[in-house]
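Participant: Below is the sequence, then the predicted model.
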Amino acid sequence: MKLLLVEDDGLLVGALRDLLESEGYATRNVSRQDEALALLESERFDLMLLDVSLAQGNGFAVCQGARTLAPDMPVIFLTASDDEFSTVAGLDLGAADYIAKPFRARELLSRIRAALRTRASGVQELVAGNLSLNPSSGQVRKAGRELYLSALEYRLLLFLLQNKGRIITRDQLGDALWEAAGEYVSDNALNVYIRRLREKIEDDPANPVIVTTVRGVGYKVAE
């Protein structure tokens, strides 16, 4: 697997290259918008890690260019933990996912593997009942009607749908949301996030059928 890292923080680039190459990923890195677009024209990559702020240009323009130059390549945005605008804008441009700085190594690797699995399977949409999520466009629809989720609600739903059929523990959900929230996610906070998501995706939030509770363990989206 060949990854493109578009980031202008030299220390972070060094750490990420060491991490990714230790996992077997071949990695190229650039720090500018023009360099990234030139590489996408001349080489093929399996996934791009893309910072919003660059030494020249910005990540949004690179993501837009990637949708033309490499439409099937997953893009994961690297964003500031408190910058929800950038997160939502990136998803609207077709990014597969985002991860907030500072992030943990195992969380980043998990997100990369999930994005690559989705691409390899050829899945265009993740579906549960009359609910669908398109990782390429970032759109969530229920019975054909588009839903508008917060960045954190989107991340929560994406993680659950990517693990459809599996029981996801509360600890696993907390880990998945830690980066999105920018801080430790308490049990009470997780309850709030689940409730808000159900209010948007369920016909009857009090009796959910899409995201169900596995008592004493966590949650599950049925196959």
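Facilitator: It's in. Numbering: from 1, shown residues only.

Participant: Would you enumerate the residues in contact with the residue lying closest to A105 once chain neighbours are set aside?
Facilitator: Counting by Cβ to Cβ, 6 or more residues apart in numbering, A105 lies nearest to L19, which is 5.5 Å off, once chain neighbours are set aside. The way it works is simple: take the backbone N, C-alpha and C, and place the C-beta from them, glycine included. Going by Cβ atoms under 8 Å, 6 or more residues apart in numbering, L19 touches A105, L108, L109.

Participant: PyMOL command to pick out the buried ones of those residues?
Facilitator: In PyMOL, this line selects whichever of the contacts of L19 come out buried by 16 or more other Cβ atoms under 10 Å:
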select buried, resi 108
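
Participant: what sits up against the longest helix belonging to the chain?
Facilitator: As assigned by DSSP state H, the longest helix anywhere in the chain is helix 105-121. Helix 105-121 has contacts (Cβ under 8 Å, 6+ apart) with 1, 3, 16, 19, 23, 25, 46-47, 49, 72-74, 76, 96-97, 99, 126, 135, 162, 175-176, 178-179.

Participant: Same list, the contacts of L19, but as CSV with distance to L12 and pLDDT please.
Facilitator: Formatted as CSV, the contacts of L19 follow (distance: Cβ to Cβ, whole Å; pLDDT from 0 to 100):
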residue, distance to L12, pLDDT
A105, 12, 88
L108, 11, 89
L109, 15, 90
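
Participant: the domain parsing of this protein - what is it?
Facilitator: Per automatic domain parsing, the domain ranges recorded for the chain read 2-121, 129-221.

Participant: could you give me the average pLDDT of the shortest one?
Facilitator: Computed over domain 129-221, the mean pLDDT rounds to 84.

Participant: now do stretch 16-23
Facilitator: 93.

Participant: Please save the CA atoms from it in PDB.
Facilitator: Output of stretch 16-23 as PDB, limited to C-alpha atoms (Å, rounded to 0.1, in the frame of the first residue of the first chain):
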ATOM      1  CA  LEU A  16       4.200   9.600  10.900                       C
ATOM      2  CA  ARG A  17       6.600   8.200   8.300                       C
ATOM      3  CA  ASP A  18       8.300   6.100  10.900                       C
ATOM      4  CA  LEU A  19       4.900   4.800  12.100                       C
ATOM      5  CA  LEU A  20       3.400   4.100   8.700                       C
ATOM      6  CA  GLU A  21       6.600   2.500   7.300                       C
ATOM      7  CA  SER A  22       6.800   0.300  10.400                       C
ATOM      8  CA  GLU A  23       3.300  -1.000   9.500                       C
END
